[in-house]
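> Here is my input; please provide its structure:
(chains A and B)
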2 protein chains.
Amino acid sequence: MSTGNESKLGVACIQMEPEVGAKARNVARTIALIEEADARGARLIVLPELCNSGYVFETREEAFALSETIGHGETIRAWAALAARLSVTLVAGYTERDGDVLYNSAAIIGPQGVLGNYRKLHLWGDENLFFEPGNLGVPVFHTPYGRIACAICYDIWFPEVFRLAAHGGADMLCVPTNWVPMPAQPAGLPVMANLLAMSGAHSNGLFVAAADRVGNERGQPFLGCSVIVDAHGWPVAGPASATDEEILVAQVNLADARRHRQLNAFNHVLRDRRPEVYRLAREG
Amino acid sequence: MSTGNESKLGVACIQMEPEVGAKARNVARTIALIEEADARGARLIVLPELCNSGYVFETREEAFALSETIGHGETIRAWAALAARLSVTLVAGYTERDGDVLYNSAAIIGPQGVLGNYRKLHLWGDENLFFEPGNLGVPVFHTPYGRIACAICYDIWFPEVFRLAAHGGADMLCVPTNWVPMPAQPAGLPVMANLLAMSGAHSNGLFVAAADRVGNERGQPFLGCSVIVDAHGWPVAGPASATDEEILVAQVNLADARRHRQLNAFNHVLRDRRPEVYRLAREG
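Numbers count the residues shown, from 1 in each chain, chains lettered A, B, ... in the order given. The predicted structure is shown next:
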């Protein structure tokens, strides 16, 4: 099966505990952890949602004061300098300002600079008070290792996001996240967020790399349980601790995404779709 | 929260081992197991895919000889008589013939007779040699207990099927199935088919009742692991044994499907969809 035409890649998910409002401290912490992930062989490194600002804002003013633009932001510049120095690609959540509009965004930054931007499509809870819903769709970014797309946290509750990524040609979905507990989580089963990552990976033949935060911010607990899932849908690193900072690293072959979509001689998870039937659904 | 306006319902999934070609024996076995499920308080009873005929056909002729019409089939008549006698609703897989065309179908039969028919939309493996893909969409059937829709086996690999059911108003997705092993299943995690059921239930606020077969037919092993999942996405009965016949029974309140879609003051799993964004996907 394996030929020379493969894309070996060290992927890392950095699980960390940002502190709301402490931007300089948070960015310094991301830099230390990215350096550690690099030392462990990672070339593509995913960080949590809003990891430079923290998550639980009390007011829009607080979020606004912590926000920055993709073009000139201080966090973005620090990450770009680091990506160039280490020759790594970063996918990291930050509080974005575009004019006076705020987005919950992820910057995709390679050794040559910013590759692109993703804006969270599905806002959770009080995010609706501070941010606007994303308006960039689910773009797919080309890297030397393969093609990646992004989703942030609650976005993976929507199977359409995996479909948009897969149909756009993505091999891996990178998920900066700040997962919160879901109702009625039983003991002995993975957290629902992990199940959604695994199911979405399997149903679309996509790798998923989800980097969560830990800790409790202004009464809001976060889940941890960062995970790297292969294109069959199974964890290859993690789930990480529910409480501690931790770096997950896995060596993956992104070409497997394209290979594993073919389940047998007849069945291919994407080509077996029945769009003529689905169109009957009321799309709103 | 709870008011008088609820829909309490005993749901059963019958996990059994049909024998290919032994139709009279299989139907007799379904009757004995349905009687047992009824005695345990079930009013809605789900049976496996192709449970009257068996699954692994060697030729289309073999499948054709075992097929029957929804209007006049001997299995359908036997199930309808039983549903009337016990006052239960059945969802059961059978090999359907319509003219000379074969479908992998599920009959929905209440105490007053046949409520409807569902034809598997996504054919797996050699089914492509014998059956035509379903042409009835994902209809929603009204029962005294709530609204149900059907999917068969590989159909739940397609998140669009859950969406069609939920958008059609279904409270529960009934899944007659003959699940087979998926690649690279690790120990210590539920089978992927169960994860797909749980994720689909959670993402759509739907109950899922999946009745699988067990055993090995002409070299093809089946998974068992039938499961009844609540509208949060968590098992309320099962997963059943991987190898043995077993009846799962759960008492559920189908009204919870409509209630649990609202996750908090801002978020509703169906209303939070962004159809204007999803339309950008190439739908084939």
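
> Please give the element, helix or strand, for A:V138.
Using DSSP states H and E, A:V138 sits in no helix or strand.

> Could you list the low-pLDDT ranges of chain A?
Along chain A, segments meeting pLDDT under 70 span A:1-7, A:280-284.

> where exactly do the strands run in it?
Using DSSP state E, the strands of chain A run over A:8-15, A:44-46, A:89-98, A:101-110, A:113-119, A:140-143, A:146-150, A:172-176, A:207-211, A:216-217, A:220-221, A:227-229, A:235-237, A:246-253.

> And the one residue in the stretch 51-200 of chain A that gets nearest to chain B, how close does it get to A:V229?
Residue nearest to chain B within the stretch 51-200 of chain A (Cβ to the nearest Cβ): A:P159, separated by 3.3 Å. Every residue, glycine included, has its C-beta placed from N, CA and C. Taking Cβ to Cβ, to the nearest Å as the measure, A:P159 falls 15 Å from A:V229.

> same question, A:D126
Taken as Cβ to Cβ, the span from A:D126 to A:V229 is 29 Å.

> ok, those two, which is more surrounded?
A:V229 (29 against 16; other Cβ atoms under 10 Å in any protein chain shown).

> picking that back up, run through the residues that contact the residue of the stretch 51-200 of chain A closest to chain B.
A:G200, A:S203, B:P159, B:E160, B:F162, B:R163, B:S203 (Cβ atoms under 8 Å, 6 or more residues apart in numbering or on different chains).

> next one: A:F266
With Cβ under 8 Å, 6+ apart, A:F266 has these contacts: B:L123, B:W124, B:G125, B:D126, B:N128.

> which among those are in contact with chain A?
Contacts with chain A within the contacts of A:F266, as defined by Cβ under 8 Å from any Cβ of the partner chain: B:L123, B:W124, B:G125, B:D126, B:N128.

> I'd like to know which of these are buried.
Buried by 16 or more other Cβ atoms under 10 Å in any protein chain shown: B:L123, B:W124, B:D126, out of the ones next to chain A among the contacts of A:F266.

> so how many other residues sit close to A:T143?
18.

> Please disregard the earlier target; I meant A:P144.
12.

> Near chain B, which residues of the stretch 1-150 of chain A are found?
A:L121, A:H122, A:L123, A:W124, A:G125, A:D126, A:N128, A:P133, A:G134, A:G137, A:V138.

> quick one: which of these sit in helices?
Of the residues of the stretch 1-150 of chain A next to chain B, the ones assigned to helices by DSSP state H are A:N128.

> Contacts for the lengthiest helix in chain A next, please.
In chain A, assigned by DSSP H, the helix with the most residues is helix A:23-39. By Cβ under 8 Å, 6+ apart, the residues outside helix A:23-39 that reach it are A:12, A:14, A:16, A:18-19, A:45, A:47, A:51-54, A:66, A:74-75, A:78-79, A:82, A:86, A:88, A:90, A:92, A:245, A:247, A:249.

> Quick one, which of those are buried?
Buried among those (16+ other Cβ under 10 Å): A:12, A:14, A:16, A:18, A:45, A:47, A:51-54, A:66, A:75, A:78-79, A:82, A:86, A:88, A:90, A:92, A:245, A:247, A:249.

> Quick check: the farthest pair among the contacts of A:F266?
For the contacts of A:F266, the farthest-apart pair by Cβ to Cβ is B:L123 and B:D126; their separation is 8.9 Å.

> Contact partners for A:L270?
A:L270 neighbours (Cβ under 8 Å, 6+ apart): A:A166, A:H167, A:N204, A:G205, A:R261.

> Quick check: which of those are also close to chain B?
A:H167.

> which non-adjacent residue is nearest A:G233?
A:H202 (2.8 Å; Cβ to Cβ, 6 or more residues apart in numbering or on different chains).

> Hmm, the one you found is touching A:H232, no?
Yes. Assessed by Cβ atoms under 8 Å, A:H202 is found in contact with A:H232 at 6.2 Å.

> These two: who's more crowded?
The neighbour comparison of A:H202 against A:H232 (other Cβ under 10 Å) goes to A:H202, with 28 against 21.

> Could you measure from the more buried one over to A:N128?
Applying Cβ to Cβ to A:H202 and A:N128 gives a distance of 31 Å.

> what does A:A84 give?
36 Å.

> Which positions within stretch A:93-107 qualify as buried?
So stretch A:93-107, judged by 16+ other Cβ under 10 Å, has buried residues A:G93, A:Y94, A:T95, A:E96, A:R97, A:D98, A:L102, A:Y103, A:N104, A:S105, A:A106, A:A107.

> With that, I have no additional questions.
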